[in-house]
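Undergrad: please find the sequence and the predicted model below.
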Amino acid sequence: MTYPDIRAVLGRERQKTLLADASMRGGVGSAVTWLSFPRIINIPFQMCVAALESWQGTGHGGELHIGQSLLHWPIEQDHDRCACRVEVGLARGPLRPPRRMRLDISCWSPSSARTVLELIPSQRVRPTASYFRSGHLLLDSLTHSLLRYAGAAT
């Protein structure tokens with residue numbers, strides 16, 4: 001499935017959340033939609049959460065490096081919606097400060113063994129090639145780590 005197809009499927013519910021978040025923050029608006037990085041992986045949601053929780057203790061000072069980027073703990077969980085959120089510092093190069101992002105993790109559907117990962121900017125971003133390269137690299141690294149964890153757990 002390609003990225004535009006994923007965006008179409010996530011649709012209305014995600015748009016409501018984005019608009020509510022943007023209005024509460026006073027601003028990022030609809031640009032957040034095309035500046036985010038959605039990904040669907042073939043790993044059950046509970047296994048993804050278990051992996052994140054097991055990695056929580058391995059980082060230094062409440063942070064874990066995934067590639068050059070950082071995941072910041074704690075994990076915010078919403079058990080009613082089968083979702084969780086982790087704050088992220090997206091690395092964009094050695095001379096630039098990390099960009100504040102959030103990683104939303106949710107069930108694809110209750111009967112599916114798939115999980116939706118979405119990296120969403122928490123502040124204004126410039127849509128440069130390095131921004132998109134960094135976002136995709138983070139999700140590629142995270143997906144690879146989750147697949148290794150799932151393979152070891154079975």
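TA: Nice, I can see it.
Undergrad: for Leu70, pull up the helix or strand it's in.
TA: Assigned by DSSP states H and E, Leu70 belongs to strand 69-78.
Undergrad: and that strand, which residues are buried?
TA: By neighbour count on 16 or more other C-beta atoms under 10 Å, the buried set for strand 69-78 is 69-73, 75. The C-beta positions use only the backbone N, C-alpha and C, and glycine is treated the same way.
Undergrad: need the strands for this protein, in chain order.
TA: 37-41, 63-66, 69-78, 83-90, 99-107, 115-121 (DSSP state E).
Undergrad: what's the closest of these to Leu139?
TA: Of all these, strand 37-41 sits nearest to Leu139, with 5.0 Å by C-beta to C-beta.
Undergrad: that closest one packs against which elements?
TA: Secondary-structure packing of strand 37-41 (3 or more C-beta pairs under 8 Å, 6 or more residues apart in numbering; DSSP states H and E): helix 3-25, strand 115-121, helix 129-153.
Undergrad: tell me where the model's unsure across the chain.
TA: Applying pLDDT under 70 to the chain flags residues 1-33, 57-61, 154.
Undergrad: work out which residue lies at the spatial centre of it.
TA: With the centre of the chain defined as its mean C-alpha position, the nearest residue by C-alpha atoms, centre = their mean is Leu103, 2.6 Å away.
Undergrad: before we move on, the earlier item: what's the strand holding Leu70 in contact with?
TA: Strand 69-78 has contacts (C-beta atoms under 8 Å, 6 or more residues apart in numbering) with 49, 52-53, 55-56, 59, 62-64, 83-91, 98, 103, 134, 137-138, 141.
Undergrad: which among those residues end up buried?
TA: 49, 52, 55, 64, 83-91, 103, 134, 137-138.
Undergrad: still on that earlier bit, CA atoms only for the strand holding Leu70, dumped as PDB, please.
TA: Taking Å, rounded to 0.1, in the frame of the first residue of the first chain, the C-alpha atoms of strand 69-78 are listed here in PDB:
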ATOM      1  CA  SER A  69      16.500  10.600  16.500                       C
ATOM      2  CA  LEU A  70      15.300  10.300  20.100                       C
ATOM      3  CA  LEU A  71      12.100   8.800  21.600                       C
ATOM      4  CA  HIS A  72      11.200  10.500  24.900                       C
ATOM      5  CA  TRP A  73       9.400   8.600  27.600                       C
ATOM      6  CA  PRO A  74       6.900   8.100  29.200                       C
ATOM      7  CA  ILE A  75       4.400   6.500  26.800                       C
ATOM      8  CA  GLU A  76       0.900   8.100  26.900                       C
ATOM      9  CA  GLN A  77      -1.700   5.400  26.600                       C
ATOM     10  CA  ASP A  78      -5.400   5.600  25.700                       C
END
